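A.B. asks: turn this into a model:
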Amino acid sequence: MTSAPEMTSAQPQATIKEWKEIVAPFQVPSVPRSVWQIVNTFVPYILTWYAMYRSLSVSYWLTLAFALLAGLLVVRTFIIFHDCGHGSFFKSKRASSILGFICGMISFTPYSHWRWQHSIHHATSGDLDRRGDGDIWTMTVKEYQEAKPGRKLFYKIVRNPFVLLILGPLLLFLVYQRFPSSRAKGKDRTSVMWMNLALLLMVVGMSWIFGFKNYVIMQLPVTMFAGMAGIWMFYVQHQYEDTYWEHRDEWDYTSAALGGSSYYKLPKILQWFTGNIGFHHVHHLSARIPNYFLEDCHNSHPMFHSIKPLTFWASLKSINLRLWDESDRRLISWKEYKQRYGQKASTASFAKVAKEKDLDLPLPDEAGTSMS
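C.D. replies: Presented below is the predicted three-dimensional model:
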């Protein structure tokens, strides 16, 4: 199964006071590095769009190749957007908001609304009693067993890899993000309206430059490739076999950060495109660390060295994980669920029906013996 971040017994977990002292030197943003990251992300992105447009007259397959590159640059743009939301990219809140809004246009995500939802995610990640904001829908085995058939079917659909990674990106960024949460208030709610207006103006402007049809056949694959990569990154950051989930009374912030957020060790080129967010255990420990200091922070102290990395190839197995098994404290696949609970569930259901009808019938696991 998928390897996971795990604190070794040889390296005890640091106290809050201790880890705050460890991460403090890395929480101050560097203006030169932030500016350079804007340049080395936005300039290639603009040039890639020009290359996409020129390639339309050559081959759409070539256009799709450039769209893949543009999509990866959107992921890097989203990391800048993400850092602005945490206030870690610039000291200036105004500068962060302006840049965050621009990055939000590129990624089709309303800045203030997303920042509000994402702050909830950081405050509740790994808490079984506070799921539902900014996380991947995860049911426990018990919840799934007690769910009605329609809800079980819907859960299976949502957790299906095709829905999660193919349909999901387009629905999330083109449709879902256009509507505010019913719990959003004030500027967090109105930010969705302002982003929708900005996106409308952007679509009109880009259509005027490239032509509406050309713009659509370039923008859709860019959004899909970026969304696929982005959702996969977010998925694998918390959805691996030995991740961390606890009920609120037992939930601990430090344990959730170091035990429930993966150290996703990617090839250097993918690490660049994803803005070091693979060091997610460090990010969840302190969201005030800019993305370009995450690796430095990880390398700075033995506390982080004791966390096992999740490699790219090993991470692919996590797509099969579906339910949180509270008895084993790990995520399990449908296959494991059927092996461990399928017979129990069918036996319990059979017994219930027999009891209701006042029948003296052998249970399913006894039937074979009685008939032999």
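A.B. asks: check which residues of stretch 300-314 are buried.
C.D. replies: For stretch 300-314, the buried set under the neighbour-count rule, 16 or more other CB atoms under 10 Å, comprises 300-301, 303-304, 306-310, 314. C-beta here means a position set from N, CA and C on the backbone, and glycine is covered the same way.
A.B. asks: can you give me the offset of that stretch from its chain's centre?
C.D. replies: 19 Å (CA atoms, centre = their mean, to the nearest Å).
A.B. asks: show the average pLDDT along it.
C.D. replies: Stretch 300-314 carries an average pLDDT of 90.
A.B. asks: got it, and stretch 58-74?
C.D. replies: Averaging pLDDT along stretch 58-74 gives 98.
A.B. asks: just the C-alphas of that stretch, formatted as PDB.
C.D. replies: Below are the C-alpha coordinates for stretch 58-74, written out as PDB (Å, rounded to 0.1, in the frame of the first residue of the first chain):
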ATOM      1  CA  VAL A  58       0.000  23.800 -37.400                       C
ATOM      2  CA  SER A  59      -1.700  21.100 -35.300                       C
ATOM      3  CA  TYR A  60      -4.100  21.000 -32.500                       C
ATOM      4  CA  TRP A  61      -2.100  18.200 -30.900                       C
ATOM      5  CA  LEU A  62       0.800  20.700 -30.700                       C
ATOM      6  CA  THR A  63      -1.700  23.100 -29.100                       C
ATOM      7  CA  LEU A  64      -2.600  20.500 -26.500                       C
ATOM      8  CA  ALA A  65       1.100  20.000 -25.700                       C
ATOM      9  CA  PHE A  66       1.500  23.700 -25.100                       C
ATOM     10  CA  ALA A  67      -1.800  23.600 -23.100                       C
ATOM     11  CA  LEU A  68      -0.300  21.000 -20.800                       C
ATOM     12  CA  LEU A  69       2.700  23.300 -20.200                       C
ATOM     13  CA  ALA A  70       0.300  26.200 -19.600                       C
ATOM     14  CA  GLY A  71      -1.700  24.100 -17.200                       C
ATOM     15  CA  LEU A  72       1.400  23.300 -15.100                       C
ATOM     16  CA  LEU A  73       2.200  27.000 -15.000                       C
ATOM     17  CA  VAL A  74      -1.300  27.700 -13.800                       C
END
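A.B. asks: now that stretch: buried residues?
C.D. replies: Quick answer for stretch 58-74 (16+ other CB under 10 Å): 63-64, 66-74.
A.B. asks: these in helices, which ones?
C.D. replies: With helices defined by DSSP state H, the entries of the buried residues of stretch 58-74 inside them are 63-64, 66-74.
A.B. asks: closest one of the buried residues of stretch 300-314 to residue 182?
C.D. replies: When those are compared for distance to residue 182 (CB to CB), residue 310 wins out at 34.7 Å.
A.B. asks: mind listing the strands for the stretch 101-250 of the chain?
C.D. replies: 139-140 (DSSP state E, counting those that start in this stretch).
A.B. asks: thinking again about what came up before, looking at the buried residues of stretch 300-314, which are in strands?
C.D. replies: The members of the buried residues of stretch 300-314 that map onto strands under DSSP state E are residue 310.
A.B. asks: skip the chain neighbours and tell me the closest residue to residue 66.
C.D. replies: residue 52 (4.4 Å; CB to CB, 6 or more residues apart in numbering).
A.B. asks: please disregard the earlier target; I meant residue 89.
C.D. replies: Closest to residue 89 by CB to CB, 6+ apart is residue 83, at 3.9 Å.
A.B. asks: for that neighbour, give me its contacts.
C.D. replies: By CB atoms under 8 Å, 6 or more residues apart in numbering, the residues touching residue 83 are 89, 275, 290-291.
A.B. asks: switch to 10 Å and redo it
C.D. replies: 29, 34, 37, 89-90, 96, 99-100, 103, 275, 277, 283, 287-292 (CB atoms under 10 Å, 6 or more residues apart in numbering).
A.B. asks: before we move on, what about residue 75?
C.D. replies: 41, 107, 225-230, 232-233, 270, 273-275, 277.
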